[in-house]
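Visitor: Fold the stuff below for me.
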Amino acid sequence: MSAAERLLAIIPARGGSKGLPGKNIRPFIGLPLIAHSILLAQSCAEVERVVVSTDAPEIADVARKFGAEVPFMRPAELAQDETPLWPVLRHALKEIESQDDRKFEFILLLDPTTPCRLPIDVAQAFHRLREKSSADGIIGISEPDFNPIWHSVIERNGWMVDLISEGSNYHRRQDVPVVYRVNGTLYIWRTEFMRRELLEWRKHGKHLMYEVADFSAISVDTKEEFERAELFVKTGMVRLPWLSEYGTSVQAN
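Guide: Okay, here's the model as predicted:
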């Protein structure tokens, strides 16, 4: 990889989860949840450095055990329940580049609560972004098992109404435009865009979409989601290549 294509992987892992306490280091298929994102990043030849941004010493210890760098601890003001993720990433980039003589051109965000992504998805998404110089980033998306235009309703003044008004214009499900969801599997941005945009990314810039299967994009924020995602791995629907290296033989033959 040339100097103009350096890719930095950032794994944000706050210690104060309330929905499922300790989720980032909770065992998932025999390994701490965050370890799967670390091992995924290490499996990608495109990734030059893997850095975990955390405020929790116990998460930092686990991250280092699995080979990630924790060169700084996240400040408390960036580790609150209401803290947006974008300033956390900008802070991480600034901290890393203050210690590195060279600049990174790309940043890869790996949310540890989405453990079933695969190295090929990172490689293919990164290649697409590199080839499209006018794009600021590429975002992992998938087609959900229901179409919000067709199915989603809300209650208004006691009556059911369409969430999206144009939904009632379609009379056959097959005619409704395909809708995708941002699924949390991967986000890659040009760092020039990240330095330029101070507050957020979704209202600015030009982004490509990278589609993955929706069942492999499950986010594990609750005990039930943990169990469901583990079932996908145990039954062989999702095969995580690093499991065999750690003696975790849970997948179907």
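Visitor: Which parts of the stretch 1-150 of the chain are helices?
Guide: 33-42, 57-65, 85-98, 119-131, 148-151 (DSSP state H, counting those that start in this stretch).
Visitor: So which bits of the longest one are buried?
Guide: Put plainly, it is helix 85-98. By neighbour count with 16 or more other Cβ atoms under 10 Å, helix 85-98 contains the buried residues 85-86, 88-93, 95-96. For the C-beta atoms, the positions are set from N, CA and C on the backbone; glycine is no exception.
Visitor: related to what we said a few turns ago, out of the helices of the stretch 1-150 of the chain, deepest packed?
Guide: Comparing the helices of the stretch 1-150 of the chain by mean neighbour count (mean count of other Cβ atoms under 10 Å), helix 33-42 ranks first with a mean of 25.
Visitor: what angle separates it from helix 57-65?
Guide: Inter-element angle recorded for helix 33-42 and helix 57-65: 30 degrees (by axes from the mean of the first three to the mean of the last three Cα atoms, to 10 degrees).
Visitor: Quick check: of the buried residues of helix 85-98, which lies closest to residue 214?
Guide: For the buried residues of helix 85-98, the minimum distance to residue 214 (Cβ to Cβ) is 21.7 Å, reached by residue 85.
Visitor: From residue 91, how far off is that closest one?
Guide: Residue 85 sits 11 Å away from residue 91, going by Cβ to Cβ, to the nearest Å.
Visitor: residues touching the residue nearest to residue 232 when sequence neighbours are not counted, list them.
Guide: Counting by Cβ to Cβ, 6 or more residues apart in numbering, residue 232 lies nearest to residue 238, which is 4.7 Å off, once chain neighbours are set aside. Going by Cβ atoms under 8 Å, 6 or more residues apart in numbering, residue 238 touches 116, 118, 215-216, 232.
Visitor: pLDDT at residue 238, what is it?
Guide: Listed pLDDT for residue 238 reads 88.
Visitor: Correct me if wrong, but it is in a helix.
Guide: No. Applying DSSP: H, G, I helix; E, B strand; the rest coil, one finds residue 238 to be coil, outside a helix.
Visitor: CA atoms only for stretch 85-102, dumped as PDB, please.
Guide: As requested, the backbone C-alpha atoms of stretch 85-102 are provided in PDB (Å, rounded to 0.1, in the frame of the first residue of the first chain):
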ATOM      1  CA  LEU A  85     -19.400   9.200  17.900                       C
ATOM      2  CA  TRP A  86     -18.100  11.700  15.400                       C
ATOM      3  CA  PRO A  87     -16.100  13.800  17.900                       C
ATOM      4  CA  VAL A  88     -14.800  10.600  19.400                       C
ATOM      5  CA  LEU A  89     -13.300   9.600  16.000                       C
ATOM      6  CA  ARG A  90     -11.900  13.100  15.400                       C
ATOM      7  CA  HIS A  91     -10.200  13.000  18.800                       C
ATOM      8  CA  ALA A  92      -8.700   9.600  18.100                       C
ATOM      9  CA  LEU A  93      -7.400  10.600  14.700                       C
ATOM     10  CA  LYS A  94      -5.800  13.800  16.200                       C
ATOM     11  CA  GLU A  95      -4.200  11.800  19.100                       C
ATOM     12  CA  ILE A  96      -2.800   9.200  16.800                       C
ATOM     13  CA  GLU A  97      -1.400  11.600  14.200                       C
ATOM     14  CA  SER A  98       0.200  13.700  16.900                       C
ATOM     15  CA  GLN A  99       2.300  10.600  17.600                       C
ATOM     16  CA  ASP A 100       2.900   9.600  14.000                       C
ATOM     17  CA  ASP A 101       5.200  11.400  11.600                       C
ATOM     18  CA  ARG A 102       3.000  10.500   8.600                       C
END
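Visitor: from memory residue 31 sits against residue 246, does it?
Guide: Yes. Using Cβ atoms under 8 Å, residue 31 is in contact with residue 246, at 6.2 Å.
Visitor: Which one of those two is surrounded by more residues?
Guide: The neighbour count for residue 31 versus residue 246, taken as other Cβ atoms under 10 Å, is higher for residue 31 (20 against 14).
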